Every structure is written in C-alpha cells, then in structure tokens.
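Visitor: have a look at this prediction, sequence included:
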Amino acid sequence: MKQTPTGARRHRPSHQRGRALIIGAVFVFALLATLVVTSVLITMFSHKQDARQPFVRVVEVDEITTDPEPWGKNWPHQFDGWKSTSGAEFYGGSSAMPQSKLEAQPWLKRLYAGYAFSIDYREARGHAYMLYDQGVTERVTQKPQAGACLHCHGSVNVLYRRVGLEAQGEEVTQERLAAELDMPAMIRGFQELSQQPYQEVLALLYATPDGTPGENEPVFPTPPPGGFTGEYAGEALPEDHARMLGEAHPVSCVDCHDPKSMAVRVTRPGFMLGIAALAEGDGAVPHLPSIEQWRQGDRREPYDPNELASRQEMRSFVCGQCHVEYYCATKDTLTFPWAHGLGADDAERVWEEKAFPDGSAFYDYAHGETGAKVFKVQHPEFELWSQGIHARSGVACADCHMPYERKGAMKVSNHNVRSPMNAVNSACQTCHNVPEDEIKARVEAIQNRTVVLTERAGAAMTEMLDAILEAKAGGASEAELEDVFELQRKAMWRLDYISSENSKGFHADQESARILAESIDYSRQAQSAALRLRAPEAPSTEDLPTEPVKGVTPTGESPAATPEPVTSPE
C-alpha cells in the first residue's frame, strides 16, 4: 500500500482548520450584524411608536384640573419646563422682587402720575410668579383694583364657567365643569366678574375646585395676605380683608391645552371677543391667513380661532391671550382694542371712539399733574410682533420663546418661556445661519437704539409737563388747554406703548422707532403750545433784518442792515 508522506498528512488538517475558522468568523459576523440590524430596527420601531404616542396617560385630567401637578405626571418634560420659569427655585419675599422701573427711569413716575403704576412698577418675572407678584404689588395692596386683573394672572377657566352657569340659571356640578370648556358660559362669567373688586374675585378663585380635592399645597407659594409693604406692612389685617381658603394657580396647563388631546387652544374670553372683532373689521392681518380666509366667507358665525386657526397661528394666539394691550378697570368689562387692527394707531382710534356704559367718554385715568384724561397702555407684545418681520415671515411666538427640543424620540416645545437670547441655537439659528455673537449683536443694537429713543421721548414728555404746569400757573384755563391736553395724550400714549412693551423694540424695530418719534413730536408740539399760553404775546418779527438770496457760496459779509430787493432773472 502506498503511504502518504508525513508532511502531506500534517498539511491537510491545518488547511481544514483554516477553512473552519473562516466559516466560523463569517457566521459570527453575520450573527452580530443581524443582531445590530435587529436592534436598530427595534429602536426605530420603538421611536416611531413613541412619536405616535408621545405621552402615557398615568392619571386622568379634565376641564376642571387647573392644578398643574396631575398634568405633570402625564407630560413630565413640559411640566419641568413650566416650573423652570421660577428660576433655580421660587424666590418670594420683598427682597426677591425685581428691580423697580420707577427707580431706573424716574420719568415713569410723571408719566403715570395719578395712576397706580406710579406707586409700584417692576421688571417682569417668569410665568411662575404671575399670581404671586400680583398679590404683593402695592398697586393691589394700596389701591382697589378690578377682578379683571386675574383674567391673565390666574387659572380662571373653571371660575368663569362656574359663575357663568350660575348667572344663566343653570345647574353647576363638578361633572359638568369637568366635561367641556363651554365658551359661552365662560364669557358670561368673565363679564360678570370683570368689574368686581379684585380681592373678592381672588377669594372666589381660591374657593373654586382645581381638580385635586383635599390637597392645598400649590406648586408655587401664594402671596402673603396684604403683601409685604404698604398699608398692611407689620400690621394686623383688617377684619374685612379676604382670607384665602383653598388653592389658586398662575396660568396653568389647562389654560392653553385641551386635556383630552393636548392640542393648543385659546381659553381667554378677552382674546376670543377681541379676535372676533379684529376679524370683523378691515385691519390688515397678512400674517393671520385664517382670518383673511374667514373674511372671504359668508361670515355667518363669528371667527373662532379654536376652529379655524392653523396650528402655527395658535402658537402665537395662546401668547396673545395675555401679552396684549387692553382696558382693565372697574368702569367697564375688560376689552381688547382690535376692532380697527393691531397697530398702535388702531388701538388709539378704538379708545378715542369708545364710551363707558354710562355714556361718558372713555379714558384710563386723569393725569395727576395736568388733569388731562389719558390712556394707559398695558404690554402690547402681540400687537407689536404683528407689525414686525418675524410675523410677516410666519414665525410664531413659540418658535422663539418656546423653541423645540429633543427628548428621546420626541420633539417638544421648551416650556421654560424666556428670552430667545438664552437659547440662541434653538431659538434663532434654526433660521439664521450666522454666528451666535452676530445674532446677539444685532439684537443688542436694536434694543439699545430703542432705549435711547425711549429716554429722549421721556425727556421730551417731562419738559412738556413742565410747560403745561407753567401755563396753568400763569392762568391758562381748561378750555384754552384743551388742544394741549389732546397733544399730551397722544405723546404719552406712544411713549407708554413702547416703554410698556417688553421686547425693547425688537418685535418691530422700525415701527417702534416711528412710534417714539411721534411721541417726541407730540410732546414738543404740546410744550410749544403751552409756552405760548404762558408767555406774553410774541413781538412782531417784520422789522428784523434778513439776508437776501445772493448765491450758493457765503461771502463772509455781515447781514445787510436793509434788505436788498430780490429780483427775478430776466
């Protein structure tokens, strides 16, 4: 028998082992690749499922749940953002109150002379402080205010509906309140409470169910009765001072979201009535296509933003419920002045045409120095934004102040509502492909320019007031000052419009400059007119020497004692 060489016998097993190793490696690689692909597919599927169901309903919330904590169990990311509007932690107490605007801009005291804002007017804080700061401001603790103030500072939906149903003679049950929004009942309750005393309406708010019976520890502390300063400071409260029993909340989840679907919605009666009046008018609204579309229809039903507005429009409308100009006092129901449009001049026209229910001409307050009846601007962010390039470009309030962020597979709005300058990357650079420093420099330039113009307008206003007071001291009558008072009102309306708006002109920089320029002009017109009333009749200027027209190049000659006749070329 032929024998196989020893070397051959050793070579064959080595070759077979090599092939086996290769096959094994391929098998292991294929297995690992399959596992990786499977894992990726499972992750993708899981993320798609997460996107389809962006929340897990751990607890039930409904139209009566004004307490935000149950909502936070279903939507924890949004709840955490909402709480973050308080900063690192909630700072209450007089020592934590923001800077007084009256100290930083002393002319504001003269602008608001005779009005409660001349007592206490401070820089704004986040949404967490909306109800707290209102409860401790001396505007409320020292002067009687209207219940309409709570329209924007508290979660009042349930209160309005409860009072509205009672006013309509209908039965009020928790089941009915929890079931639906019922806008007609809410508007009726709003109308019933708008002119009632602030403390009485606040007491009703505390007594209204908030969806968490038996639990009276709000997310944010409530203000101390009587505030920190003023007439109640260090003193026992009067016997008739309202004691708050229950739990009240600043603007909460239910005020902007449908508890069933989490869809963005409008709930504030003032906005609903104001936007309907805007739609029925002829004011230009190129940035609100749903209103333009409604105007082209049969108009059988009032414009309803919850039914007709696009989601992008709603991302501004929910902010426009409160960040607006309005009348808010005891002589009439809270009113948004939008019948003629969203411009400063449009609102002024509404107030000029408006009369109180008793037939008297509308005004906010009689100026404490001159006695002129003037208008008070609130905080017209929505209106000024409507005049700017961002609104015309389809950019919503939430795009900049609540920019989207990623939470796992979900894209959610950041509910820590704040300045876009605190989140330039997500708030600005999604559209503006320029460096962060350049964006901040542009914003700073706009705001600095507006501040300088505002200070100039403030200086012109104070000199106007001095001139009017001197004219009154000189014996000018109210009838003689009537036209001056009209100029004063126009000047102060425009100055107040921009100084009260919280973007320092950024929302519409050219419009802000125009409004301030008009304020300066009206102040100087009023000052000049008042000085004429104060001073003796001006002497004639006919005998003063004048320089005749000689050419375009100065000769250095002194003006002629006797004017030479000016002849026309032949």
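Guide: Yes, it's here.
Visitor: may I see the buried residues of stretch 523-538?
Guide: Residues 523, 524, 525, 526, 527, 529, 530, 531, 533, 534 are the ones in stretch 523-538 that count as buried (16 or more other C-beta atoms under 10 Å). To be clear about C-beta, it is placed using only N, CA and C from the backbone, and glycine gets the same treatment.
Visitor: the second one in helix, strand or coil?
Guide: Under DSSP: H, G, I helix; E, B strand; the rest coil, residue 524 falls in the helix class.
Visitor: how many other residues sit next to the closest residue to it other than its chain neighbours?
Guide: Nearest non-adjacent residue to residue 524, counting by C-beta to C-beta, 6 or more residues apart in numbering: residue 460, 5.9 Å away. Residue 460: 22 surrounding residues under other C-beta atoms under 10 Å.
Visitor: what does the one 4 residues further on give?
Guide: Counted with other C-beta under 10 Å, the neighbours of residue 464 add up to 28.
Visitor: now the end-to-end length of stretch 75-90.
Guide: 21 Å (C-alpha to C-alpha, to the nearest Å).
Visitor: same deal with stretch 166-177?
Guide: Using C-alpha to C-alpha, one end of stretch 166-177 lies 12 Å from the other.
Visitor: again, but for stretch 351-363
Guide: This stretch, stretch 351-363, spans 7 Å end to end (C-alpha to C-alpha).
Visitor: now do residue 22, the pLDDT please.
Guide: Among the per-residue scores, residue 22 shows a pLDDT of 81.
Visitor: report the separation between it and residue 362.
Guide: Noted for residue 22: a distance of 92 Å to residue 362, by C-beta to C-beta, to the nearest Å.
Visitor: those two: which is more packed in?
Guide: Between residue 22 and residue 362, counting by other C-beta under 10 Å, residue 362 is the more crowded of the two (18 against 10).
Visitor: average pLDDT for the strand or helix carrying the residue nearest to residue 524, rounded please.
Guide: Element membership of residue 460 [criterion: DSSP states H and E] is helix 436-473. For helix 436-473, the mean pLDDT works out to 97.
Visitor: residues of the next helix or strand after it that come out buried?
Guide: Sequence order places helix 482-500 as the next helix or strand after helix 436-473, per DSSP H and E. Neighbour counts over helix 482-500 (16+ other C-beta under 10 Å) mark 484-500 as buried.
Visitor: ok and helix 482-500 relative to helix 436-473, angle-wise?
Guide: If you take axes from the mean of the first three to the mean of the last three C-alpha atoms, to 10 degrees, helix 482-500 sits at 160 degrees to helix 436-473.
Visitor: got the buried residues for stretch 148-166?
Guide: 148-165.
Visitor: pLDDT weak spots in the stretch 51-200 of the chain?
Guide: Flagging of the stretch 51-200 of the chain using pLDDT under 70 yields the residue ranges 51-55.
Visitor: which stretches of it form helices?
Guide: Per DSSP state H, counting those that start in this stretch, the stretch 51-200 of the chain carries helices over the ranges 68-74, 76-83, 101-104, 107-111, 130-136, 138-141, 150-153, 157-167, 174-179, 183-193, 198-206.
Visitor: what's the mean pLDDT across whatever helix or strand comes next after the last one?
Guide: Right, helix 198-206. Using DSSP H and E, the helix or strand that follows helix 198-206 in sequence is helix 269-280. Averaging pLDDT along helix 269-280 gives 98.
Visitor: my understanding was that residue 343 contacts residue 285; is that so?
Guide: No. Contact between residue 343 and residue 285 fails when scored by C-beta atoms under 8 Å: they sit 10.7 Å apart.
Visitor: overlap of the contact sets of those two?
Guide: residue 386 (C-beta atoms under 8 Å, 6 or more residues apart in numbering).
Visitor: picking that back up, packing partners for the helix holding residue 460?
Guide: For helix 436-473, the helices and strands in contact under the criterion 3 or more C-beta pairs under 8 Å, 6 or more residues apart in numbering; DSSP states H and E are helix 107-111, helix 424-427, helix 482-500, helix 509-534.
Visitor: residue contacts, the closest residue to residue 208 other than its chain neighbours?
Guide: Closest residue to residue 208 apart from its sequence neighbours, by C-beta to C-beta, 6+ apart: residue 159 at 4.5 Å. Neighbour list for residue 159: 189, 193, 201, 204, 205, 208 [criterion: C-beta under 8 Å, 6+ apart].
Visitor: what's the residue closest to the geometric middle of this structure?
Guide: Nearest residue to the geometric centre of the chain (C-alpha atoms, centre = their mean): residue 323, 2.6 Å.
Visitor: who's in contact with it?
Guide: By C-beta under 8 Å, 6+ apart, the contact list for residue 323 reads 379, 380, 381, 382, 397, 502.
Visitor: from these, which is closest to residue 352?
Guide: Comparing the contacts of residue 323 against residue 352 with C-beta to C-beta places residue 380 closest, at 16.6 Å.
Visitor: how close does the closest residue to that closest one other than its chain neighbours get to residue 342?
Guide: Of all residues not flanking residue 380 in the chain, residue 325 sits nearest, at 4.0 Å (C-beta to C-beta, 6+ apart). Distance, residue 325 to residue 342, using C-beta to C-beta: 9 Å.
Visitor: joint contacts of the two?
Guide: Here residue 325 and residue 342 have residue 383 as joint contacts, going by C-beta under 8 Å, 6+ apart.
Visitor: compute the number of surrounding residues for residue 386.
Guide: Using other C-beta under 10 Å, residue 386 has 27 other residues around it.
Visitor: ignoring the adjacent residues along the chain, who's closest to it?
Guide: What sits nearest to residue 386 in space, not counting adjacent residues and going by C-beta to C-beta, 6+ apart, is residue 342, at 4.3 Å.
Visitor: does residue 432 touch residue 426 like I think?
Guide: No. Here residue 432 lies out of contact with residue 426, judged by C-beta under 8 Å, at a distance of 11.9 Å.
Visitor: got the contact list for residue 138?
Guide: 116, 119, 120, 227, 229, 230.
Visitor: what does residue 62 give?
Guide: Contacts of residue 62 (C-beta under 8 Å, 6+ apart): 178, 179, 211, 259.
Visitor: ok, 10 Å please
Guide: By C-beta atoms under 10 Å, 6 or more residues apart in numbering, the contact list for residue 62 reads 70, 174, 175, 177, 178, 179, 180, 211, 254, 259, 260.
Visitor: what's the answer for residue 32, then?
Guide: Counted by C-beta under 10 Å, 6+ apart, residue 32 has zero contacts.
Visitor: before we move on, what about residue 162?
Guide: By C-beta under 10 Å, 6+ apart, the contact list for residue 162 reads 64, 172, 174, 176, 177, 185, 186, 189, 204, 207, 208, 209.
Visitor: going by neighbour count, which of those comes out on top?
Guide: The contacts of residue 162, ranked by neighbours (other C-beta under 10 Å): first place residue 189, 26 neighbours.
Visitor: measure the nearest residue to residue 458 once chain neighbours are set aside to residue 518 for me?
Guide: The spatial neighbour of residue 458 that comes closest, neighbours along the chain excluded (C-beta to C-beta, 6+ apart), is residue 107 at 3.9 Å. From residue 107 across to residue 518, the span is 17 Å (C-beta to C-beta).
Visitor: ditto for residue 364
Guide: Going from residue 364 to residue 518 by C-beta to C-beta gives 19 Å.
Visitor: what of residue 149?
Guide: Applying C-beta to C-beta, the value for residue 149 to residue 518 is 29 Å.
Visitor: tell me who's in contact with the nearest residue to residue 216 once chain neighbours are set aside.
Guide: Nearest non-adjacent residue to residue 216, counting by C-beta to C-beta, 6+ apart: residue 247, 4.7 Å away. By C-beta under 10 Å, 6+ apart, the residues touching residue 247 are 66-67, 205-213, 215-219, 222.
Visitor: swap in 7 Å and give it another go.
Guide: Residues in contact with residue 247 (C-beta atoms under 7 Å, 6 or more residues apart in numbering) are 67, 206, 210, 216, 218.
Visitor: was I right about the second one contacting residue 248?
Guide: Think residue 206. Yes. Between residue 206 and residue 248 there is a contact under C-beta atoms under 7 Å: 5.0 Å.
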